[in-house]
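**Student:** Show me the folded form of this:
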Amino acid sequence: MNLPPDVRFLEDANLLIYRPHGCLDEATVNKILNVIGQLEASRKEPFNRFWDTLGADEVELNFRYVIHVSLYRRLTYTDRPPIKSAILATDSAMVHYARLHAVLTQGSPINVRIFQDRAEVSKWLAVPEELLGAEA
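**Tutor:** Coordinates of the predicted model:
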């Protein structure tokens with residue numbers, strides 16, 4: 001599968017890394033949702049996710065869209081093995097939307113946590129911090 005330049009999939013670690021740059025809006029979120037859906041359909045093994053939003057300098061989302069996406073993910077991932085979804089964010093709007101996503105996916109196999117420190121993400125996902133580095 002050809003991945004967009006802001007997405008990496010580390011097979012050995014069963015980890016999808018997404019690093020949006022510029023504006024994080026509905027179009028960019030839809031793009032990564034499509035990638036996630038394709039990977040989930042083609043892989044037998046579950047995989048964790050890491051969203052490194054530090055390169056996004058603008059957030060153009062709204063409550064309605066985040067609620068829609070969160071409920072969509074919750075429904076499409078029903079009856080699957082548990083996964084972890086780590087979101088590295090310092091922008092207040094991004095943190096706010098990430099928290100909403102975490103609340104709306106509670107009780108599903110998608111365990112979302114928001115972090116402000118890459119080392120904490122590394123511990124939670126149980127992967128070396130070097131894998132989560134901020135390379136382009």
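**Student:** Which positions within the longest helix along the chain qualify as buried?
**Tutor:** For the chain, the helix reaching the highest residue count under DSSP state H is reported as helix 26-42. Buried positions in helix 26-42, judged by neighbour count with 16 or more other C-beta atoms under 10 Å: T28, V29, I32, V35, I36, L39. From N, CA and C alone the C-beta is placed, and that goes for glycine too.
**Student:** Export these as JSON lines, with columns for pLDDT.
**Tutor:** JSON lines is the format used below for the buried residues of helix 26-42 (pLDDT from 0 to 100):
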{"residue": "T28", "pLDDT": "96"}
{"residue": "V29", "pLDDT": "97"}
{"residue": "I32", "pLDDT": "97"}
{"residue": "V35", "pLDDT": "97"}
{"residue": "I36", "pLDDT": "97"}
{"residue": "L39", "pLDDT": "96"}
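**Student:** Specify which member of those residues is nearest to M1.
**Tutor:** L39 (7.1 Å; C-beta to C-beta).
**Student:** I'd assumed F9 was in contact with the closest one.
**Tutor:** Yes. If you go by C-beta atoms under 8 Å, L39 and F9 touch, sitting 6.7 Å apart.
**Student:** Not counting sequence-adjacent ones, nearest residue to the residue nearest the centre of the chain?
**Tutor:** Relative to the mean C-alpha position of the chain, the nearest C-alpha, by C-alpha atoms, centre = their mean, is the one of W51, at 4.1 Å. For W51, ignoring the flanking residues on the chain, the nearest one in space by C-beta to C-beta, 6 or more residues apart in numbering is I87 at 4.6 Å.
**Student:** ok, now N111?
**Tutor:** K84 is the one closest to N111 (C-beta to C-beta, 6+ apart), at 5.1 Å.
**Student:** coming back round to it: find residues that contact each of L39 and F9.
**Tutor:** Shared contacts of L39 and F9, defined by C-beta atoms under 8 Å, 6 or more residues apart in numbering, are found at M1, L16, F47.
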